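>>> missing the sequence, but the structure's below:
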C-alpha cells in the first residue's frame, strides 16, 4: 500500500537490507585470498611470514638468520598439489610412509588387544619411527601418534625421531606441554576424507601358527594416494628459522570397530627437506607456483633456468620467433607488469630490432620499368598490324609476312618475363615465367634459324638445281616440329613441379641478399640448366647456318642482320645465364628486374631492330637486289616462273664455295 503523496512503504526496509548486505560483504572482500598472480602474498601479514616470504624470493640465509620466530611459517602457494618434479624427487618417501601405515594397519587390525598393550609394544613403534627418520637422505624428522580414543583431546603416544649429523635422536613427546606434540596434523588426518581404503580378506593357517585365534577376517590397507602433502614451511627451532624449506608427509592407520569397519587409530609423519628441488613457475599444470611467471605468453615464452634451490624467479622470459625487445635482465617482481616483446616487421621470422629483414623494393623504379616494357610491347603489337597492312610491300614480301608476324608474336612472349618479375613470386607465376620464356625463345630464334636455312636451300636450288625451294608454309610446319620438344619439356616439368608442391617441396623459396635481407624467388633446379643448354644448341645451329650462308646474295642483306642477331643473343644470353645462376639467388629483386629488362632489350629489341630497320634504310636499293628478293617471297613457284638471265647473272657474279653446298646438303639432310 502506498500513502498518497509519499514513497512506497517497502522502500525503507529494502534500503536497510541492502546496507546490511554491504556491511557483511566488506569484511569478506577484505579477507579474500590474494590473486593467483602473486604466489608469495601473505594473507596474515605477520613479521614471521614476511621473513619467510623474503627468503622464498631471494634465498638469502643470512637475512633470514636476523629474523626471530615463535612458530613455523607455512606458505600458501597457488595450486592444490605438489608439482610432478617434486613428487618424482621424493617418490621413495611416500612409498615408505605407505608401507609403515599398512604395517600398523595389519598390526592393529589383526589383534584387538594391541590397543590396550601400548606400553608392551612401544618398542615396535619406536623402531618404526627410527626407520622412517633414517629411511630417506632428506628426512629431517619422523613422528608417530597413536590415538587413545576418538573423543580424546590429544594422542596417547607421540614418538619423534630426529636425524642430524648421522645420528637419529628418539624421544617421547606425548606430554601435553611439549610443543612438538601439537596434535593439529593428527586432527586434520582424522577429519580428512581421503580415497577409500582397499579391503583385503585375511586368512590364517591355524595348523602352522598358534598365535592367531581366528581363521578368516577382514583387513584394510592404504595406497600412495592416502599420503597427505603439507604446504612448504620453515621450521622454527630455538627462536630462529631453519634455512631450509621442508614438506611434511603424513598418513593415517586404522583399526577395526566391532562391526569390522575401519576406525582411525593414529598417524605417522615424515618431514622432508627440499634439497636440490627448484620451483618451476613456467609449468602450466596444477602444481605449486605453476603459471606464476611474469612473461606475456602472447609474445614471450617462459624458460626454466638452472636449479638454485627452492627459490622463486628461476626462469627467463624469451621472445618468441617473430618478436624482439627483451634483454637478459632479472625477472620482474611479483605484481609488476608482465614482460612483453614487440613484433618484428612483416615477413621476419626472427629479428633483433626494428630493422627490416625483408628487402624494400623501389616502387618508383619498378613502375618505370613496367611502363617502359608496356610501351615496347605496344610498339611490337603495332608492328604486327603495320606488317599485315603492308603485306603487299616488296620489303615485307621479301621476308614473308607470316614469318615476320611469327617473330613478332614470339617477341611479345619474351617481353612478358619482365611483367611477371614485377609481382611477388608465386607457383603460378614461376610456371608462367618458364613457359613464356621457353616458347618465346623457340618461336623467335627458331623462326630466324629456319629462315636462314630456307635462304641456304633457295640458294642451293638456284645454284645446284637439285634442292627444291622451301615455301613459308613448309617453314611453319618445320617450326611446329621444332616446338614439339619444348612443349613436351614444359608439360613434363609442370606436372613434376605440381607433384613436388603437393609433397611440400616449394617452387618459391626464400633467399637473402649479402646484407641478410630476405626475399622470395623462384627456385632453380636441373631443369633450368637443361633449358639453357637447349637454347645455346639452337643458337649454335643458327650460327653454323650463318657461316654457311655468308656468300648468299639477298635483298636488304637480311641473312647478314639475322646472323648478327643470333650472335648477339648467343653472347648476351651466355653472360646473362652465368650471372643468373651465380648472382641472382642473392641479388636484390630490383636489380634482378633491371637485369632481366636489360637482357630482354639487349636481345629481343635488338633482334627486331636488325630485322625491320634495314628494310626502310634500303628503300632506294637497285632493281637487281629487289629481283633477287623474289627468292624470299611466299608466292614464288620456282618450277613455274623459271630463272631469267638477269637472276642467273646475279648468282654467277657472287663468290661461291663448293663447301657451302656440302654444308647445306648436310644440314638439309639433318633437318
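Arrived safely. Fair warning: this is a prediction, and the values are worked out from it, not measured in the lab. Numbering: from 1, shown residues only.

>>> Pull the contacting residues for residue 607.
If you count contacts by CB atoms under 8 Å, 6 or more residues apart in numbering, residue 607 has them with 407, 411, 444, 448, 565, 568, 569. (Glycine included, C-beta is placed from N, CA and C.)

>>> Would you write a ChimeraX line that selects the buried entries of these?
Those of the contacts of residue 607 that count as buried under 16 or more other CB atoms under 10 Å are selected in ChimeraX with:
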select :407,411,444,448,565,568,569
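
>>> Closest one of the contacts of residue 607 to residue 234?
Nearest to residue 234 among these is residue 569, at 87.4 Å by CB to CB.

>>> Would you enumerate the residues in contact with the closest residue to that closest one other than its chain neighbours?
Nearest non-adjacent residue to residue 569, counting by CB to CB, 6 or more residues apart in numbering: residue 603, 4.8 Å away. When contacts are counted by CB under 8 Å, 6+ apart, residue 603 touches 414, 568, 569, 572, 573.

>>> Could you pull out the buried residues of stretch 381-397?
So, applying 16+ other CB under 10 Å, buried residues of stretch 381-397: 383, 384, 387, 394, 395, 396, 397.

>>> Quickly name whichever of these is closest to residue 90.
residue 384 (88.1 Å).

>>> just the strands in the stretch 201-350 of the chain please.
216-221, 228-229, 233-234, 236-237, 240-241, 246-256, 262-273, 300-304, 315-319, 323-324, 342-343 (DSSP state E, counting those that start in this stretch).

>>> And those strands: which comes nearest residue 138?
So among these, strand 262-273 is nearest, using CB to CB, at 4.8 Å.

>>> what packs against the closest one?
helix 92-110, helix 122-134, strand 139-146, helix 184-191, strand 246-256 (3 or more CB pairs under 8 Å, 6 or more residues apart in numbering; DSSP states H and E).

>>> which one of these lies closest to residue 484?
Here helix 92-110 is closest among those (CB to CB), at 80.1 Å.

>>> ok, back up a step: would you check which pair of the buried residues of stretch 381-397 lies furthest apart?
Between all members of the buried residues of stretch 381-397, the farthest pair (by CB to CB) comes out as 384 and 394, at 19.2 Å.

>>> May I ask you to name the longest helix in this protein?
helix 427-464 (DSSP state H).

>>> Where does pLDDT dip in the stretch 51-200 of the chain?
For the stretch 51-200 of the chain, applying pLDDT under 70 flags the ranges 111-117, 148-154, 176-183.

>>> what residues are up against residue 422?
So residue 422 contacts 366, 369, 370, 593 (CB under 8 Å, 6+ apart).

>>> In contact with the second one, which residues?
With contacts defined as CB under 8 Å, 6+ apart, the neighbours of residue 369 are 418, 422, 593, 594, 597.

>>> okay, now the nearest residue to residue 90 once chain neighbours are set aside: neighbour count?
Take residue 90 and drop its neighbours on the chain: the residue closest to it by CB to CB, 6+ apart is residue 272, 5.7 Å away. Number of residues near residue 272 (other CB atoms under 10 Å) recorded here: 27.

>>> Residue 519 versus residue 272, what's the distance?
59 Å (CB to CB, to the nearest Å).

>>> Equivalent analysis for residue 570, please.
For residue 570, the distance to residue 519 - CB to CB - is 31 Å.

>>> Who has more neighbours out of those two?
residue 519 (22 against 19).

>>> Three-state assignment for the more buried one, please.
strand (DSSP: H, G, I helix; E, B strand; the rest coil).

>>> What are the neighbouring residues in contact with the spatially closest residue to it that is not a sequence neighbour?
Nearest residue to residue 519, sequence neighbours excluded (CB to CB, 6+ apart): residue 359, at 4.5 Å. Shown in contact with residue 359 (CB under 8 Å, 6+ apart): 513, 517, 518, 519, 588, 589, 590.

>>> what does residue 445 give?
535, 538, 539, 542, 566, 569 are the contacts of residue 445 under CB under 8 Å, 6+ apart.
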